[in-house]
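Undergrad: Everything below, folded, please.
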Amino acid sequence: KTKTELRDCWPILDKKQEAEFRRKVVNMLKEYQKEFPVDLPYTNPSLFQSPGGRKFVAFLEVFSSFVMKMYINKFDDSLLSKPVTKNSTLRKVCYTALVKKEKQALDKALKAQAGIKEIEKDSRESMNKITEKYFELKKTQKDVEKENAVTELEKSHPEYVNSGQIDKQSILDHYDKKCEKVKEMQEQLRAL
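TA: Residues are numbered from 1 along each chain as shown. Model prediction:
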């Protein structure tokens with residue numbers, strides 16, 4: 001509502017827009033004062049001709065509290081306002097209801113926080129278990145790869161296995177001889 005009301009005169013660029021802006025603000029305040037007389041007391045329009053001083057600061061304090069209350073009421077119906085009745089019995093009943101409602105809201109918040117802490121604790125435990133399992137699987141994978149490499153060597157070179165142990169030096173010597181033969185063949189091919 002405010003955006004559409006002030007769209008023609010905001011931002012203020014000249015004296016004419018300034019006068020239009022003040023006039024619209026005063027009219028909007030009068031409407032709000034009619035709708036919410038308890039929250040927003042009467043304000044003299046001349047206060048906006050030269051804003052400043054104690055009266056203007058007092059108005060801004062009341063108006064900002066009013067705006068915050070409207071904002072809270074718009075987005076949170078669970079908050080109760082202070083009772084404005086002059087009947088002391090009714091006021092006590094209202095305050096009692098307010099205290100009960102706030103206590104319920106606090107209890108609900110405490111339970112939610114406890115639930116969040118429990119979820120965090122369970123998550124940490126789960127992450128620790130997952131981490132342990134991951135490193136166990138990684139170690140098992142390396143062991144299996146090592147065993148597979150050994151069995152491949154045993155299968156491809158059974159002559160170098162003595163009582164379950166692989167003679168690695170003999171295998172290396174065997175491949176060194178093969179490399180020398182390949183080099184000789186390359187030299188012979190180059191010579192052709």
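Undergrad: From now on I want contacts and neighbour counts done on CA atoms only, so please keep to that.
TA: Fine.
Undergrad: if I look at the residue nearest the centre of the chain, how far off is Arg124?
TA: In the chain, the C-alpha nearest the mean C-alpha coordinate belongs to Ile116, at 14.2 Å (CA atoms, centre = their mean). The gap separating Ile116 from Arg124 is 12 Å, by CA to CA, to the nearest Å.
Undergrad: Ok, Tyr134 next?
TA: The value you get for Tyr134 to Arg124, if CA to CA is used, is 15 Å.
Undergrad: now swap in Lys3 and tell me
TA: From Lys3 to Arg124 the distance is 48 Å (CA to CA).
Undergrad: More neighbours: these two, which one.
TA: Arg124 (12 against 8; other CA atoms under 10 Å).
Undergrad: Quick check: the gap between the more buried one and Ala112.
TA: The value you get for Arg124 to Ala112, if CA to CA is used, is 18 Å.
Undergrad: Then the residue nearest to the centre of the chain would be within a helix, right?
TA: Yes - counting by DSSP: H, G, I helix; E, B strand; the rest coil, Ile116 is found in a helix.
Undergrad: Look at it and report its pLDDT.
TA: The confidence metric pLDDT takes the value 89 at Ile116.
Undergrad: and what of Lys86?
TA: Lys86 is given a pLDDT of 66.
Undergrad: For the helix or strand hosting Glu187, C-alpha coordinates in CSV please.
TA: Using DSSP states H and E, Glu187 sits in helix 168-191. In CSV, the C-alpha atoms belonging to helix 168-191 read as follows (Å, rounded to 0.1, in the frame of the first residue of the first chain):
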residue,chain,number,x,y,z
LYS,A,168,61.9,-61.1,-6.7
GLN,A,169,65.6,-60.8,-7.6
SER,A,170,65.3,-63.7,-10.0
ILE,A,171,62.3,-62.2,-11.6
LEU,A,172,64.0,-58.9,-12.0
ASP,A,173,67.1,-60.6,-13.5
HIS,A,174,64.7,-62.4,-15.9
TYR,A,175,63.1,-59.2,-17.1
ASP,A,176,66.6,-57.5,-17.4
LYS,A,177,67.7,-60.3,-19.8
LYS,A,178,64.5,-59.8,-21.8
CYS,A,179,65.1,-56.0,-22.0
GLU,A,180,68.7,-56.7,-23.2
LYS,A,181,67.3,-59.0,-25.9
VAL,A,182,64.8,-56.4,-27.0
LYS,A,183,67.6,-53.8,-27.2
GLU,A,184,69.7,-56.2,-29.3
MET,A,185,66.8,-56.8,-31.7
GLN,A,186,66.2,-53.0,-32.1
GLU,A,187,69.9,-52.5,-32.9
GLN,A,188,69.8,-55.3,-35.5
LEU,A,189,66.7,-53.7,-37.1
ARG,A,190,68.4,-50.3,-37.2
ALA,A,191,71.4,-51.9,-38.8
